[in-house]
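> Need a 3D model of the following:
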Amino acid sequence: MRVKLLEIAHARSGDKGDTANIGLIARRPEFYPLLCEQVTAERVRAHFADLCRGEVERYELPNLEALNFLLHKALGGGGTVSLRSDAQGKTYSTALLRMDIDVPDSLAALVTRL
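Numbers count the residues shown, from 1 in each chain. You can find the predicted model right below:
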């Protein structure tokens, strides 16, 4: 089954200079391995290809069942110099939650349809 990340995860985002920071948190412990498998730095970089000009780093936080992504050169210079409408990256979490991933049949019953 193909779903949007929104159906299996929460997210928060912000900034530090020209780097966007996105935290992706599994809605259920069973979804964390799926996030680790499918939400790679490469996929996130491709998802934000129009905005992110630098590398994407991914950090795993298994005790929180979360992933943290740093998108370098993603804010047009940062909050004090950028002319972008979201110079602090506050909407990046919502954008990431629109990414599609595959959920195996064994987990399909746990997906929250919003």
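
> Tell me which residues touch the closest residue to Ile8 other than its chain neighbours, please.
Excluding the flanking residues, the one nearest Ile8 by CB to CB, 6 or more residues apart in numbering is Phe31, at 4.5 Å. (C-beta placed from N, C-alpha, C; glycine too.) Counting by CB atoms under 8 Å, 6 or more residues apart in numbering, Phe31 touches 8-9, 65, 107, 110.

> ok so Phe31 is a helix residue?
Yes. Under DSSP: H, G, I helix; E, B strand; the rest coil, Phe31 sits within a helix.

> Dead centre of the chain: give me the residue that sits there.
In the chain, the C-alpha closest to the average C-alpha coordinate belongs to Leu96, at a distance of 4.3 Å (CA atoms, centre = their mean).

> what residues are up against it?
Per CB under 8 Å, 6+ apart, neighbours of Leu96: 5, 11, 13, 22, 24, 44, 47-48, 69.

> Tell me the one of the residues you listed nearest Glu57?
The shortest approach to Glu57 among the contacts of Leu96 belongs to Phe69, at 6.9 Å (CB to CB).

> need the next SSE after the helix or strand containing that closest one, C-terminal direction.
Assigned by DSSP states H and E, Phe69 falls within strand 66-71. On the C-terminal side of strand 66-71, the nearest following helix or strand under DSSP H and E is helix 92-96.
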